[in-house]
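Student: Build me a model:
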Amino acid sequence: MRVVRPFRACLPRALRGMVCAAAALLVACHSSTLTAPGTPVVTFGNLNNSSDFAGYIISVDGFTLVDAGNNTITPLVTAETVDLTKNGSVEELVEAPAVPSDTYVKATITLDYTSPAVFVNLNGQAVRALVVDPATGDAPTIYTIQITFDPDHPLVIPPGVSTRMHIDIDLAASNTIDTATSPPTVSVQPFVTISLSPTDTTPLRARGVFVVTQPADSNFIMNTRPFYDQVSALGALFVNTGGQTYFNVNGVAYTGAAGLAAMNSQQVNIPVVAFGTLGNVSGITPYFNASEVYVGTSQESPIEEYITGVVSARSGATLTVSGATFLTPVGFPYSNNVGLYYGYYPTASVTLADTTTVSQDGVDARDLSTASISVGQQINVSGQANIDTTTGLLTSLDASLGQVRLQSTSVWGTLNSATANSVSLDVLSLGGFAPAAFNFAGTGSSGQDATPDDYVVSTGSLDEGSLAPNTLLQVQGSAAPFGGAPPAFNAATVSQGTATLQQLVVEWTEGGATHPFSGVSSAGLTVDLANANLGSFHYIRTGPAELDLKTLPASPLITTVGADQSALVLAVGSSTAPNGISVYNSAAAFASAVLTDLNGLNKFYRLVAYGQYNSSTNTFVASRINLALYETS
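Tutor: Sure thing, here's the model as predicted:
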């Protein structure tokens with residue numbers, strides 16, 4: 001077996017000295033090391049990952065690709081701390097390293113659970129859970145999971161071009177939560193898929209360090225540094241910008257060419273994050289089309305700490321932030337509750353001042369102040385942390401000289417009533433938390449504080465007046481200024497729940513089910529809802545709302561008919577199965593594999609499908625289906 005590491009020798013030269021022009025260097029260094037390598041553009045996330053968790057922090061220690069000759073390459077050689085709950089609305093662009101062009105038949109990924117920080121979303125509170133391996137009953141350690149690609153659709157990385165591949169750690173397929181224990185118990189059996197994904201409009205986040213602008217091409221070059229990584233450079237990326245691209249550079253907002261010009265004066269290696277979609281991948285260095293760009297202190301500063309979360313209460317200039325992720329600057333590690341540079345806190349206190357800079361992501365607004373920050377608002381805030389010298393834990397953050405970014409916030413609720421430019425919702429969740437998490441005191445004027453059972457949302461030009469009461473809605477936008485309700489919230493988009501990506505979940509307990517289906521064919525799967533091992537989880541989830549499968553006229557057909565056939569990712573297996581987790585890209589191949597596993601020996605654990613439920617046909621049309629077998633010890 002031959003083992004090959006990725007080709008990154010040229011990247012430090014680009015970061016240190018810019019020995020040659022950036023674009024030429026980043027391509028030529030690849031070519032001097034290999035003959036016509038290719039570039040896997042690795043993305044990571046699950047756009048409808050489980051809302052059962054407020055935080056789920058583990059380490060991804062690496063992954064490998066294996067060709068038919070059992071030759072192995074290791075694209076990711078740096079362990080990455082990851083909060084799997086943070087990739088539910090936008091996926092992460094992890095890296096774009098040069099590797100040997102080849103046809104790869106399988107992969108492995110290593111997940112480190114030796115120091116997990118898992119928080120269950122329970123009654124509006126983030127509650128830390130006890131994590132166990134059900135096969136042993138002990139604390140989990142390190143899992144190395146094999147993923148076998150569809151023999152008819154192996155992972156092909158051609159020479160001289162970029163190829164998108166996607167890693168999905170499915171929380172819903174990987175975990176069982178027992179809230180009857182104190183603390184709650186999470187039993188983990190990791191379920192991971194890796195697939196060749198099309199270049200599409202999936203929203204991506206690309207984090208890294210700035211290299212150089214190319215104003216003539218309206219773009220800049222960055223080296224990727226994903227998640228909360230403070231040291232790596234995992235491949236180059238050309239970032240295209242346009243006339244509508246929003247920039248926030250060191251707390252100052254720009255649009256279009258003015259933003260690119262502001263970047264041009266920044267130092268090499270300054271932190272940068274771009275949001276957008278993958279662009280041209282016809283060359284060895286991929287392109288990224290940015291809609292928003294955050295640079296310097298707007299993203300990370302070497303002398304400030306950062307908290308991201310949702311404001312759950314406000315008293316004067318003091319905010320309570322729920323689900324607070326905590327990032328420390330480079331070179332200033334703390335012994336916190338997760339790792340050296342990253343922590344998670346169920347709640348955190350933030351102090352504002354008139355000198356705090358306030359901006360709104362994606363909006364070139366110059367008239368914002370701390371009065372713009374209200375309960376229910378998702379924020380990213382920088383400042384000076386107060387750390388307990390005994391425990392090393394965060395006690396509060398002073399944002400007097402820092403910056404608050406108002407970020408897009410999600411509200412789920414059922415419709416009470418609607419007019420041409422306003423709706424009233426009975427809120428199910430706000431910023432990912434149930435209404436019990438929030439204290440709305442002070443949000444309204446003259447005693448008109450916001451209330452979750454009559455939550456008034458301004459829809460502007462969006463007219464939802466034709467919708468029937470009790471319609472489930474998802475609203476994206478921002479909380480109205482503190483003290484200004486009603487309305488309590490300003491909508492940018494409004495979507496009916498049935499139009500969003502839904503999730504069908506079934507679990508089998510008591511050792512699992514050997515024959516959990518009443519029907520298996522290329523037309524789809526039908527769950528036997530009378531199976532003796534059927535657990536308490538058997539529902540279709542739309543946002544935070546659940547529809548019990550047993551309340552339907554019959555068990556729905558879970559089918560790929562009607563889904564995009566080019567985007568099917570259908571998987572069955574476990575980390576201890578002979579082939580690990582096998583991924584298929586056609587319904588026929590998947591059905592054949594499931595029928596093979598229905599041999600009376602394998603026991604099925606969880607089924608998770610992603611798509612839309614059609615009540616008129618009682619079908620669930622899915623493009624992704626994950627079928628987890630019980631792991632053996």
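
Student: From here on, just use CA atoms for contacts and neighbour counts.
Tutor: Noted.

Student: In terms of pLDDT, where does Ala135 sit?
Tutor: What the model reports as pLDDT for Ala135 is 85.

Student: Counting by contacts, list what the longest strand along the chain packs against.
Tutor: Across the chain, the longest stretch assigned as strand under DSSP state E is strand 102-122. On a contact count with 3 or more Cα pairs under 8 Å, 6 or more residues apart in numbering; DSSP states H and E, strand 102-122 meets strand 53-67, strand 125-128, strand 130-132, strand 142-148, strand 155-157.

Student: could I get that strand in PDB with only the CA atoms?
Tutor: This file holds the C-alpha atoms of strand 102-122, laid out as PDB (Å, rounded to 0.1, in the frame of the first residue of the first chain):
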ATOM      1  CA  ASP A 102      -7.300   9.100  -9.400                       C
ATOM      2  CA  THR A 103     -10.500   7.000  -9.000                       C
ATOM      3  CA  TYR A 104     -11.200   6.500  -5.300                       C
ATOM      4  CA  VAL A 105     -13.400   3.600  -4.200                       C
ATOM      5  CA  LYS A 106     -13.600   4.300  -0.500                       C
ATOM      6  CA  ALA A 107     -12.700   6.700   2.300                       C
ATOM      7  CA  THR A 108     -12.200   6.800   6.000                       C
ATOM      8  CA  ILE A 109     -12.900   9.500   8.500                       C
ATOM      9  CA  THR A 110     -11.700   9.700  12.100                       C
ATOM     10  CA  LEU A 111     -14.000  11.200  14.800                       C
ATOM     11  CA  ASP A 112     -12.600  11.900  18.200                       C
ATOM     12  CA  TYR A 113     -15.100  11.700  21.000                       C
ATOM     13  CA  THR A 114     -12.600  11.600  23.900                       C
ATOM     14  CA  SER A 115     -13.600  15.100  25.100                       C
ATOM     15  CA  PRO A 116     -17.000  15.800  23.600                       C
ATOM     16  CA  ALA A 117     -19.100  18.800  24.500                       C
ATOM     17  CA  VAL A 118     -22.700  17.800  23.700                       C
ATOM     18  CA  PHE A 119     -25.600  20.000  24.800                       C
ATOM     19  CA  VAL A 120     -29.200  18.900  24.400                       C
ATOM     20  CA  ASN A 121     -31.800  21.500  23.400                       C
ATOM     21  CA  LEU A 122     -34.200  20.800  26.300                       C
END
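
Student: so which of the helices and strands packed on strand 102-122 gets nearest Asn223?
Tutor: Asn223 lies closest to strand 53-67 among the helices and strands packed on strand 102-122, at 18.6 Å (Cα to Cα).

Student: can you pull the contacts of the residue positioned nearest the centre of the chain?
Tutor: In the chain, the residue lying closest to the centroid (Cα atoms, centre = their mean) is Asn87, at 0.3 Å. If you count contacts by Cα atoms under 8 Å, 6 or more residues apart in numbering, Asn87 has them with Phe44, Gly45, Asn46, Leu47, Asn49.

Student: give me the number of residues near Gln565?
Tutor: Per other Cα atoms under 10 Å, the neighbour tally for Gln565 reads 13.

Student: Touching, it and Thr559? I think so.
Tutor: No - using Cα atoms under 8 Å, Gln565 makes no contact with Thr559, being 11.4 Å away.

Student: that older thread, switch the helices and strands packed on strand 102-122 over to JSON lines; also include mean neighbour count and distance to Gly362.
Tutor: Shown next, in JSON lines, are the helices and strands packed on strand 102-122 (neighbours: other Cα atoms under 10 Å; distance: least, Cα to Cα, whole Å):
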{"stretch": "strand 53-67", "mean neighbour count": "21", "distance to Gly362": "25"}
{"stretch": "strand 125-128", "mean neighbour count": "22", "distance to Gly362": "28"}
{"stretch": "strand 130-132", "mean neighbour count": "22", "distance to Gly362": "38"}
{"stretch": "strand 142-148", "mean neighbour count": "22", "distance to Gly362": "38"}
{"stretch": "strand 155-157", "mean neighbour count": "22", "distance to Gly362": "35"}
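
Student: Which stretch among those strands approaches His538 most closely?
Tutor: strand 53-67 (18.1 Å).

Student: Tell me which strands the helix or strand that that closest one is followed by pairs with, and in which orientation.
Tutor: Under the assignment DSSP states H and E, the closest C-terminal helix or strand after strand 53-67 is strand 72-76. The pairing partners recorded for strand 72-76 under DSSP bridges are strand 3-4 (parallel), strand 53-67 (antiparallel).

Student: Now do the same for the residue nearest to the centre of the chain: its pLDDT.
Tutor: So, for Asn87, pLDDT stands at 77.

Student: Start from the N-terminal end of the protein and give the helices.
Tutor: When assigned using DSSP state H, the helices of the chain occupy the ranges 10-16, 22-33, 171-174, 257-264, 587-597.

Student: Centre of the chain to the fourth one, how far?
Tutor: Distance, stretch centre to chain centre, for helix 257-264: 29 Å (Cα atoms, centre = their mean, to the nearest Å).

Student: Return the set of buried residues in that helix.
Tutor: When burial is assessed from 16 or more other Cα atoms under 10 Å, helix 257-264 yields the following buried residues: Ala257, Gly259, Leu260, Ala262, Met263, Asn264.

Student: and those as CSV, adding pLDDT and distance to Thr391?
Tutor: Output for the buried residues of helix 257-264, formatted as CSV (pLDDT from 0 to 100; distance: Cα to Cα, whole Å):
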residue, pLDDT, distance to Thr391
Ala257, 96, 47
Gly259, 97, 42
Leu260, 97, 43
Ala262, 97, 41
Met263, 96, 39
Asn264, 93, 42
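
Student: Which parts of the stretch 501-633 of the chain are strands?
Tutor: 502-508, 517-521, 524-527, 534-542, 545-548, 557-559, 569-573, 581-584, 604-614, 619-629 (DSSP state E, counting those that start in this stretch).

Student: Export the ones you listed to JSON lines and append columns for distance to Arg164.
Tutor: As requested, the strands of the stretch 501-633 of the chain are exported to JSON lines (distance: least, Cα to Cα, whole Å):
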{"stretch": "strand 502-508", "distance to Arg164": "24"}
{"stretch": "strand 517-521", "distance to Arg164": "30"}
{"stretch": "strand 524-527", "distance to Arg164": "28"}
{"stretch": "strand 534-542", "distance to Arg164": "28"}
{"stretch": "strand 545-548", "distance to Arg164": "33"}
{"stretch": "strand 557-559", "distance to Arg164": "26"}
{"stretch": "strand 569-573", "distance to Arg164": "14"}
{"stretch": "strand 581-584", "distance to Arg164": "16"}
{"stretch": "strand 604-614", "distance to Arg164": "21"}
{"stretch": "strand 619-629", "distance to Arg164": "17"}
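
Student: TSV for those, including mean pLDDT, distance to Ser298 and mean neighbour count?
Tutor: TSV is the format used below for the strands of the stretch 501-633 of the chain (pLDDT from 0 to 100; distance: least, Cα to Cα, whole Å; neighbours: other Cα atoms under 10 Å):
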stretch	mean pLDDT	distance to Ser298	mean neighbour count
strand 502-508	97	34	23
strand 517-521	97	51	15
strand 524-527	98	48	21
strand 534-542	96	33	19
strand 545-548	96	35	14
strand 557-559	98	45	22
strand 569-573	97	37	26
strand 581-584	98	40	27
strand 604-614	96	35	23
strand 619-629	97	36	24
